[in-house]
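Q: Quick check, what structure comes out for this input:
(chains A and B, ligands or ions: 2)
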Amino acid sequence: MSALLDVQDVVAGYKPDLPIIHGLSLTVAPQEMVTIIGPNGAGKSTLIKALAGVLTVSSGMVRLEGRDITNLPTHRMAEASMAYVPQVANVFTTLTINENLLVGASSLPKSEAKTRIERGYEAFPDLKRYRDKKAGVLSGGQRQMLAVARALLTGPRLLMLDEPSAGLSPLMVSEVFERLKALVEDGVAILMVEQNAKAALAISHRTYVFAEGRNRIDGPSAALVEDPEVTSIYLGAGGRKR
Amino acid sequence: MLQAIADGILSGSIIALGAIGLTLTMGILRFANFAHAELVTWGAYMALGVLSLTGAFMGPLAPFSFGVPLLMATLVAMVATALLALAIDWLVYRPLRGRANHLTLVFGSFGVSLLVRMVILLLFGGAAQYYSNTLQIAMKVAPGLRIMPDQIFTLGLTAVIVVALHLFLQKTRLGLSMRALAENPELARVNGIDTRHVVRWTWIIGASLAAIAGVLYGLTVQLRPEIGFHLLLPLFAAAILGGVGNVFGAVIGGLIVGLAESISVLFIPAGYKLAVPFMILLLVLYIRPTGIFAGTVGGGKS
Ligand SMILES: Nc1ncnc2c1ncn2[C@@H]1O[C@H](COP(=O)(O)OP(=O)(O)OP(=O)(O)O)[C@@H](O)[C@H]1O
Ligand SMILES: [Mg+2]
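A: Ligands and ions are numbered 1, 2, ... in the order given. You can find the predicted model right below:
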């Protein structure tokens, strides 16, 4: 089966002459949940940003559903059926919940936006209760839910999440992960970065372990849980002190 | 005293119109555009240019000193000012945005403002000019208080514009995109907002309001190439006082600055009047650097 997302030898960074990602390749199949783990500063967020078009890819290729989307303008990623939830500042705190969703539906026709937002409220009843409150008053978990609900409005086939469990209570973490699992069952593929390696390995199909802008190990999550090398890279033995 | 308050509210509302445009562009484009005040001058003179070309072939609409021609000229001036702002953005700011640091942009805007003023001086000369020579009879509203009909028009128009802009920012898609962009440009793009499109409209709106402020200034005071230079400090004081990005804040800020200027004349020599906005600015920066109503683009309090 051909890959939904096909990333080949991507080089990217914040300044043109200073690559952070040194030629990374990965794939995500339809309805697959793939995690990326690795020490702080490994370049996990940088890769996701490059895939989402926030950063420029200086060489290499990104394909989604066979279509070349390398360096497509960020605002057109939604129509390429990809959605991205950033690691920090993933909601507009000065806008209300409803306005956050309206912004998320910017690329849709107005009537379509309305029906999809209503559907979003059905899936996330908590958000409906707070619809006219500023997103700034939401808890970390509620913000994450809002960010996910917003990302789903455009009906993406691939959802990319950067540390969805960061800063959440254990209870909230399992709630978020349950949500993600349900999404995959509904046909959305997920590529996510996680610090919470144990939980991530437990729910994902495959895992990539990054260190210093390179892919060090990858394979089925179940196999990696037992791998001593994974533990050593994850704990920073990949040449970088914590 | 009553007269000073009335005058202050009037000049305050003109400052407010200019400051709304400034606060919008500062909030969304994230740099202090010193050329904004010159857009006010440009707007005022573009209207004069249109008037002198078409001639005042229709008389004034009583009781005002102006008629349909000036209203038409104002519309043309708004378009001309928006075009100038877009051209400046395209030629100067956009190439710098994202590559140079903010200070470079600010200095760029200094250069632009000098250039615009020189062009106006070349085209229209340095002498004071008026839209109309019709003398207006001030209405005695109360003992010691005279108000011109034009001044009432100015106040009314400002109020209408502020309400319209508020509704625009709150109720329309473009307005929402502007507020989103002001808070977090990257997240706005990730959400599917074409930020270039929004930036274009920000310039169009800010420049159109500047043009209206310029015409109203010309109508109630006079036209001089230094309008922008004199308004620069009041505009910044009003925008910063109100909190960058906050439309209502800019209006309140404008009124405060206008009132402070006109009331100060009762106590200090008129020559020092120009320093008043500067004092206000310093005071705000010292006590509350985020302005009275801190906030990103949008209405008043949350
Ligand atoms: N905005 C930025 N500008 C320049 N360099 C950056 C920027 N953000 C991150 N970097 C650098 O890029 C490298 C990789 O950072 P990145 O955020 O991708 O790491 P990460 O794997 O996501 O780490 P974490 O687990 O802490 O989120 C780091 O060396 C970091 O210093
Ligand atoms: Mg990260």
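Q: Kindly list the longest helix within chain B.
A: Counting residues, the longest helix found in chain B (DSSP state H) is helix B:2-29.
Q: Is there contact, residue-wise, from that helix to chain A?
A: No - counting by C-beta under 8 Å from any C-beta of the partner chain, chain A has no neighbours in helix B:2-29; the shortest distance is 10.7 Å. C-beta here means a position set from N, CA and C on the backbone, and glycine is covered the same way.
Q: Now do the buried residues in that helix.
A: B:4, B:6-29 (16 or more other C-beta atoms under 10 Å in any protein chain shown).
Q: what sits against the residue of chain B found nearest ligand 1?
A: In chain B, the residue that lies nearest ligand 1 is B:Glu186 (10.1 Å; C-beta to the nearest ligand atom). Taking C-beta atoms under 8 Å, 6 or more residues apart in numbering or on different chains, we find B:Glu186 in contact with A:Val54, A:Thr74, A:Pro86.
Q: Touching, B:Gly253 and B:Ala238? I think so.
A: Yes - using C-beta atoms under 8 Å, B:Gly253 is in contact with B:Ala238, at 3.6 Å.
Q: Quick check: neighbours shared by these two?
A: Counting by C-beta under 8 Å, 6+ apart, the residues touching both B:Gly253 and B:Ala238 are B:Ala16, B:Ala19.
Q: can I get the contacts of B:Glu186 in CSV with neighbour count?
A: What follows is the contacts of B:Glu186, written out as CSV (neighbours: other C-beta atoms under 10 Å in any protein chain shown):
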residue, neighbour count
A:Val54, 19
A:Thr74, 24
A:Pro86, 21
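Q: Helix, strand or coil: sort out the residue most central in space within chain A for me.
A: Geometric centre of chain A, nearest residue: A:Leu161, 1.7 Å, by C-alpha atoms, centre = their mean. What DSSP: H, G, I helix; E, B strand; the rest coil gives for A:Leu161 is strand.
Q: what's the burial count for the closest residue to it other than its chain neighbours?
A: With sequence-adjacent residues excluded and distances taken as C-beta to C-beta, 6 or more residues apart in numbering or on different chains, A:Leu161 is closest to A:Met192, at 4.1 Å. Neighbourhood size, A:Met192 [other C-beta atoms under 10 Å in any protein chain shown]: 24.
Q: Looks like A:Met192 contacts A:Lys44 (just checking).
A: No - using C-beta under 8 Å, A:Met192 makes no contact with A:Lys44, being 9.7 Å away.
Q: and for these two, which residues touch both?
A: With C-beta under 8 Å, 6+ apart, A:Met192 and A:Lys44 have common neighbours A:Ile36, A:Asp162.
Q: so where's chain B uncertain?
A: For chain B, the stretches with pLDDT under 70 are B:55-60, B:62, B:134-136, B:291-302.
Q: Tell me where it has helices.
A: B:2-29, B:36-54, B:68-88, B:94-96, B:102-124, B:149-171, B:173-183, B:185-190, B:195-220, B:227-242, B:247-267, B:275-287.
Q: relative to helix B:68-88, how tilted is the longest helix of chain B?
A: Interaxial angle, helix B:2-29 versus helix B:68-88 (axes from the mean of the first three to the mean of the last three C-alpha atoms, to 10 degrees): 40 degrees.
Q: need the residues of chain A near ligand 2, please.
A: A:Ser45, A:Gln87 (C-beta under 5 Å from the ion).
Q: where does chain A dip in pLDDT?
A: A:1, A:234-242.
Q: The residue of it found nearest ligand 2 and A:Gly13, how far apart?
A: Closest approach of chain A to ligand 2 (C-beta to the ion) occurs at A:Ser45, with a separation of 3.1 Å. Using C-beta to C-beta, to the nearest Å, A:Ser45 is found at 12 Å from A:Gly13.
Q: How many neighbouring residues does residue 116 have?
A: Using chain A. 18.
Q: I was thinking of chain B, sorry if that wasn't clear
A: Neighbours around B:Val116, by other C-beta under 10 Å: 20.
Q: got the contact list for the residue nearest to it when sequence neighbours are not counted?
A: Using C-beta to C-beta, 6+ apart and skipping the chain neighbours, the partner closest in space to B:Val116 is B:Glu38 (4.1 Å). For B:Glu38, the contact set (C-beta under 8 Å, 6+ apart) comprises B:Val112, B:Ser113, B:Val116, B:Arg117, B:Ile120, B:Gly228.
Q: Now the fifth one: closest residue in space that isn't a chain neighbour?
A: The one in question is B:Ile120. B:Pro225 is the one closest to B:Ile120 (C-beta to C-beta, 6+ apart), at 4.9 Å.
Q: Mind listing what's buried along the helix of greatest length in chain A?
A: The longest helix of chain A (DSSP H) is helix A:170-185. Using 16+ other C-beta under 10 Å as the test for burial, helix A:170-185 gives A:Met172, A:Val173, A:Val176, A:Phe177, A:Arg179, A:Leu180, A:Leu183, A:Val184.
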